[in-house]
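> no sequence for this one, just the structure:
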């Protein structure tokens, strides 16, 4: 498998200049995920207003794929409704598993399609998205508590 | 014997990987298997397969002979006093857990000490950590020096009369440090403590004699020494094994079973409940034959040459950080990071060049924290590696650096 299929220019750009890196203030939902097989870590913070992802930030250590995927994920879901963000996460999972057909335009995220040909790297690409799903669940539970 | 021809004994090494010659530098994770071992396992299934220790028929006797014969080979290989001191397990992990679960639970009481080191693989760390938690015992770590070696003065200080168990790796799977096990055993014994040695990274690569080391227990895995997966060994001094309770109850391990109580077979069988991995043991026996035929001293010398050559060549790469002691104090592995490139990315670029190395935390998270690295890359050699393999590694690392410098622009 040619390496350039994996390390696309847009991925390397996000790796070198991650977007939305940092932390949000108190009040944001915070999730820490750790990939026990390789040591990659991410802390994802999510600020939801109504049902819209108003802001999202991450801190983490990891390889090019895991950092780039986190950076691209934050860009892709910021401003989206939680429901749309989760549906994007599902599409992304299919893309990374090599199941996604070309029906849906995932924008820059398409650059990560090459990961599906490198099975050992799939977990790297999914870490941030798993954190997103976890964070929206935590946010949902918190909103439920507030409503009660 | 021409060591270069050894490569031809391993069929997998002739298979191209990603269109390249396979340069296998991950033997510390698992070794490749010589044809002699592969064929011995096939012959067992073709000609000798039956359950052991039960059948009255000739075939069962043949299988039992093959299984017990393998135990005798292993006993001779590690210099054990008798085959009764060799317990077959699934691997090093099960062997270490067996000691912790059986002897550990009986021996360790509240306030006692268990002494280990920060360089332990998780399998020689968690069993002791959990035992300490369960018993209210104190888990103590012998500190590491800056170069990742142990200082005997620290060993002397940490091991006390309250110490019941000292558990230490013979060779670190990350740093390559060779620990002075014989000296540590002497200190442990002076305080009446039991010494348990994780020899997963030493037995495959150098002569190891349990009588000379005077260790109470020593654990290793078949698959790291040219044998199959799923078979390993717990060596234990007979005086300990014969008074230890079994951990797994079931078939094969009993003497008399009554409705409300049972008695156990002698060691080692009391620890081998259920049908054992017969083919695995037979394969391990064949691996022992293969290694002894070449000679452990010869293999050890060859690996020393290779790792010295590797350390010398790797020093040519300006952006490489190497962990662990100097070449003359380490076994056949080197752990490193290429500055500015994550070890996963290093491993992926190397893979495209046919070079297989390990990237991650190597089942030693506390040691990774000590190193201040979230992950590292590791190359490890065995008897079938050559100087060309080292050259391929160095060339691929230079390429990885170049690729990432270029890709990031």
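Okay, I see it. Here the structure is a predicted model, which means the values were calculated and not measured. Numbers count the residues shown, from 1 in each chain, chains lettered A, B, ... in the order given.

> next, count neighbours for the spatially closest residue to residue B:237 that is not a sequence neighbour.
Nearest non-adjacent residue to residue B:237, counting by CB to CB, 6 or more residues apart in numbering or on different chains: residue B:216, 5.2 Å away. C-beta coordinates here come from the backbone N, C-alpha and C atoms, glycine included. Neighbourhood size, residue B:216 [other CB atoms under 10 Å in any protein chain shown]: 24.

> list the contacts for the residue in chain A that chain B sits nearest to?
Nearest residue of chain A to chain B (CB to the nearest CB) works out as residue A:63 at 3.7 Å. Residues near residue A:63 by CB atoms under 8 Å, 6 or more residues apart in numbering or on different chains: A:38, A:40, A:121, A:124, B:342-345.

> now, those that are in helices?
A:124, B:343-345 (DSSP state H).

> got the residues you listed as TSV, with distance to residue B:8 columns?
As requested, the ones in helices among the contacts of residue A:63 are arranged in TSV below (distance: CB to CB, whole Å):
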residue	distance to residue B:8
A:124	37
B:343	32
B:344	33
B:345	33
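
> compare the residues you listed and tell me which has the most neighbours.
Top of the ones in helices among the contacts of residue A:63 by neighbour count (other CB under 10 Å): residue A:124, with 28 neighbours.

> that residue reaches residue A:39, doesn't it?
No: contact criterion CB atoms under 8 Å: residue A:124 and residue A:39 do not qualify, at 11.1 Å.

> tell me the two of the ones in helices among the contacts of residue A:63 that are most distant?
The most widely separated members of those are A:124 and B:343, with 11.5 Å between them, by CB to CB.

> now the residue nearest the centre of chain B. Nearest residue, chain neighbours left out?
Residue closest to the mean C-alpha point of chain B, counted by CA atoms, centre = their mean, is residue B:200 at 1.2 Å. Leaving aside its chain neighbours, residue B:200 sits nearest to residue B:92 (4.3 Å; criterion: CB to CB, 6+ apart).

> next up, the contacts around the one you found.
Here residue B:92 is in contact with B:123-124, B:198-200, B:219-221, B:232 (criterion: CB under 8 Å, 6+ apart).

> out of those, who's nearest chain A?
residue B:123 (14.7 Å).

> redo the contacts of residue B:92 as CSV? Include distance to residue B:132 and pLDDT.
CSV is the format used below for those (distance: CB to CB, whole Å; pLDDT from 0 to 100):
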residue, distance to residue B:132, pLDDT
B:123, 16, 98
B:124, 13, 98
B:198, 17, 98
B:199, 22, 98
B:200, 22, 98
B:219, 19, 98
B:220, 24, 98
B:221, 25, 98
B:232, 24, 98
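
> just name the closest of those to residue B:15, please.
residue B:221 (23.7 Å).

> doesn't residue B:228 make contact with the closest one?
No: applying CB under 8 Å, one finds residue B:221 not in contact with residue B:228, separated by 10.1 Å.

> out of the two, which sits in the busier spot?
A direct count of neighbours by other CB under 10 Å for residue B:221 and residue B:228 places residue B:221 higher, at 28 against 21.

> let's see the pLDDT reported for residue A:143.
pLDDT for residue A:143: 81.

> contacting residues for it?
residue A:48.

> in contact with residue B:392, which residues?
Per CB under 8 Å, 6+ apart, neighbours of residue B:392: B:21, B:23, B:353-355.

> could you dump those residues into CSV and include neighbour count and secondary structure?
Converted to CSV, the contacts of residue B:392 look like this (neighbours: other CB atoms under 10 Å in any protein chain shown; DSSP: H, G, I helix; E, B strand; the rest coil):
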residue, neighbour count, secondary structure
B:21, 15, strand
B:23, 25, strand
B:353, 21, coil
B:354, 17, coil
B:355, 29, strand
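
> out of these, who's nearest residue B:151?
Nearest to residue B:151 among these, with distances taken as CB to CB, is residue B:355, at 35.5 Å.

> in this structure the closest one contacts residue B:399, no?
No: assessed by CB under 8 Å, residue B:355 is found out of contact with residue B:399, at 9.8 Å.

> now the residue in the stretch 101-250 of chain B that chain A sits nearest to: closest residue in space, sequence neighbours ignored.
As assessed by CB to the nearest CB, chain A sits closest to residue B:122 within the stretch 101-250 of chain B, at 10.3 Å. Leaving out its chain neighbours, the residue that sits closest to residue B:122 by CB to CB, 6+ apart is residue B:363, at 4.5 Å.

> and the one you found, which of the three is it?
coil (DSSP: H, G, I helix; E, B strand; the rest coil).

> if we can go back for a sec, from residue B:214, how far off is the residue nearest to residue B:200?
20 Å (CB to CB, to the nearest Å).

> contact partners for residue A:46?
A:24, A:28-31, A:53, A:55-56, A:132, A:135-136, A:139.

> quick check, nearest of those to residue B:388?
Among these, and counting by CB to CB, the member closest to residue B:388 is residue A:132, at 46.0 Å.

> that closest one sits in which helix or strand?
helix A:122-147 (DSSP states H and E).

> domain map for chain B?
Annotated domains of chain B cover B:3-30+B:296-408, B:37-293 [automatic domain parsing].

> make a markdown table out of those domains and add distance to residue A:72.
Shown next, in a markdown table, are the domains of chain B (distance: least, CB to CB, whole Å):
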| stretch | distance to residue A:72 |
| --- | --- |
| domain B:3-30+B:296-408 | 16 |
| domain B:37-293 | 33 |
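
> now the helices for chain A?
Taking DSSP H as the criterion, chain A carries its helices at A:3-6, A:9-16, A:64-77, A:82-96, A:122-147.

> likewise for the stretch 251-400 of chain B?
With helices called from DSSP state H, counting those that start in this stretch, the stretch 251-400 of chain B shows them at B:278-294, B:296-314, B:343-352, B:365-371, B:387-408.

> how about those helices in a markdown table, adding distance to residue B:190 and mean pLDDT?
Shown next, in a markdown table, are these (distance: least, CB to CB, whole Å; pLDDT from 0 to 100):
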| stretch | distance to residue B:190 | mean pLDDT |
| --- | --- | --- |
| helix B:278-294 | 33 | 98 |
| helix B:296-314 | 29 | 96 |
| helix B:343-352 | 41 | 94 |
| helix B:365-371 | 27 | 90 |
| helix B:387-408 | 42 | 92 |
